[in-house]
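S.K.: Need a 3D model of the sequence below.
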Amino acid sequence: MALRAALRKNCALTGLFSQLSSSSRHGRVCVSPVLVAQQRNNSTAQKIKVDFDQSTGVAVMRMQNPPVNSLSLEFLTELCISVEKLEMDKSCRGLIITSSQPKVFSAGLDILEMYGKSPERCGEFWRAVQEMWLKLYSSNLVTIAAINGSSPAGGCLMAMTCDYRIMADNPRFSIGLNETQLGIVAPFWFKDTMVNTVGHRHTEMALELGLLYNPSEALKIGLVDQLVPEDQVLSTAEKTMAKWFAIPEHARQITKSMMRKATIDKLVSSREADIKNFVKFITKDSIQKSLRVYLEMLKKRKA
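M.R.: As a prediction, this is how the structure comes out:
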């Protein structure tokens, strides 16, 4: 029940700031000074663990932010810097993203990042969310999501940034952008990423109805590319890298850039406006009140 409540909490989070839907270069996106400063001030336990095998050129990034890998500013900062380091290492060719937490890949954005925070902090947080998407979606590395648990909202977005998605074949797991179930709207760049993944019609249905798909349903519409037993997700991802590595690297990278550049440029061209819209929205008294009520409800459930 604790995991389910945490998942609901983080799904709600992504939805709340998603009402900002109205409002890089392509290739490798640099870490912002704000993110670097935040990382330097981080004195808590690492939330990202990276194991890089130079003999294979494959790095495995494990998210370890219990209980549900919520996407906090601290977490996003560490993730972006970790990706940047791998991009700078010319011996690294591929990145597998997975979770160290049982039964969950990532439950999405952290609601505590939006409650009781200053406008400056809220802007910093939203910039970090953008940065995560830009870094992963534009990465020159081969990226594979090894989805070993549920992945709603922001977790689904992270998975969709990858070149290939392998999900555990467990009917209890789910994945999708479920914002409208909470009365909110996914940002335009969430929407565009999903259109590029499953097509316009499936995206329209998914976003309007706030659908969460079980693994077999996700495979059917192309939201994930492969299903395997739960204990074979990571090993299958490692084996799949060989197929991608067999393609001449420059040809693959140029093709990836060609396919994704327009989507990336769309966010980059309106990035500051997107941040301002988010801050204006999330700091409204009515929204802060809604967040407070929701957090109090969660406390009562735990009690």
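S.K.: Now do the contacts for Ala59.
M.R.: Applying CB atoms under 8 Å, 6 or more residues apart in numbering, we find Ala59 in contact with 50-53, 86, 92, 94-96. (C-beta placed from N, C-alpha, C; glycine too.)
S.K.: List the buried residues in the helix or strand where Trp244 lies.
M.R.: For Trp244, the enclosing helix or strand under DSSP states H and E is helix 233-245. Along helix 233-245, these residues count as buried under the neighbour rule (16 or more other CB atoms under 10 Å): 233-234, 236-238, 240-241, 244.
S.K.: what's that helix packed up against?
M.R.: Counting contacts by 3 or more CB pairs under 8 Å, 6 or more residues apart in numbering; DSSP states H and E, helix 233-245 is packed against strand 58-63, strand 94-99, strand 142-147, strand 164-168, strand 226-228.
S.K.: chain center to it, what's the gap?
M.R.: 20 Å (CA atoms, centre = their mean, to the nearest Å).
S.K.: ok, so of the contacts of Ala59, who is nearest Thr161?
M.R.: Among the contacts of Ala59, Leu95 lies closest to Thr161 (CB to CB), at 10.8 Å.
S.K.: And for the closest one, the neighbour number?
M.R.: Applying other CB atoms under 10 Å, we find 25 residues neighbouring Leu95.
S.K.: Can I get stretch 203-214 as PDB, trimmed to CA atoms?
M.R.: This file holds the C-alpha atoms of stretch 203-214, laid out as PDB (Å, rounded to 0.1, in the frame of the first residue of the first chain):
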ATOM      1  CA  THR A 203      -1.400   9.500 -28.300                       C
ATOM      2  CA  GLU A 204      -4.700  11.300 -28.600                       C
ATOM      3  CA  MET A 205      -6.500   8.500 -27.000                       C
ATOM      4  CA  ALA A 206      -3.900   7.900 -24.300                       C
ATOM      5  CA  LEU A 207      -3.700  11.600 -23.300                       C
ATOM      6  CA  GLU A 208      -7.400  12.400 -23.400                       C
ATOM      7  CA  LEU A 209      -8.300   9.300 -21.300                       C
ATOM      8  CA  GLY A 210      -5.200   9.400 -19.100                       C
ATOM      9  CA  LEU A 211      -4.500   5.800 -19.900                       C
ATOM     10  CA  LEU A 212      -2.000   3.600 -18.000                       C
ATOM     11  CA  TYR A 213      -1.100   0.400 -20.000                       C
ATOM     12  CA  ASN A 214      -0.100  -2.900 -18.700                       C
END
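S.K.: on that earlier part again, what does the helix holding Trp244 contact?
M.R.: 56-58, 60, 93-94, 96, 98, 142, 144, 146-148, 163-164, 166-168, 226, 228, 252.
S.K.: ok, now with 10 Å
M.R.: 53, 56-58, 60, 62, 93-99, 105, 141-149, 162-170, 225-229, 232, 252 (CB atoms under 10 Å, 6 or more residues apart in numbering).
S.K.: re the thing from before, okay if I get the buried residues of helix 233-245 as JSON lines plus distance to Ala273 and pLDDT?
M.R.: Output for these, formatted as JSON lines (distance: CB to CB, whole Å; pLDDT from 0 to 100):
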{"residue": "Val233", "distance to Ala273": "38", "pLDDT": "98"}
{"residue": "Leu234", "distance to Ala273": "39", "pLDDT": "97"}
{"residue": "Thr236", "distance to Ala273": "41", "pLDDT": "98"}
{"residue": "Ala237", "distance to Ala273": "37", "pLDDT": "98"}
{"residue": "Glu238", "distance to Ala273": "41", "pLDDT": "97"}
{"residue": "Thr240", "distance to Ala273": "38", "pLDDT": "97"}
{"residue": "Met241", "distance to Ala273": "38", "pLDDT": "97"}
{"residue": "Trp244", "distance to Ala273": "36", "pLDDT": "97"}
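S.K.: Out of these, name the two that are farthest from one another.
M.R.: Once CB to CB is applied, those give Val233 and Trp244 as the farthest pair, at 16.8 Å.
S.K.: Can you name the residues that contact Val50?
M.R.: Per CB under 10 Å, 6+ apart, neighbours of Val50: 59-62, 78-79, 82-83, 85-86, 92, 95.
S.K.: Which strand or helix spans the residue nearest the centre of the chain?
M.R.: The residue lying closest to the centre of the chain (CA atoms, centre = their mean) is Met158, at 2.4 Å. Here Met158, judged by DSSP H and E, is contained in helix 154-160.
S.K.: which secondary structure elements does that helix contact?
M.R.: With contacts taken as 3 or more CB pairs under 10 Å, 6 or more residues apart in numbering; DSSP states H and E, helix 154-160 sits against helix 2-17, strand 94-99, helix 119-137, strand 142-147, strand 149-152, strand 164-168, strand 175-176, helix 188-198.
S.K.: Those: which one's closest to Lys299?
M.R.: Closest approach to Lys299 among the helices and strands packed on helix 154-160 (CB to CB): helix 2-17, 10.4 Å.
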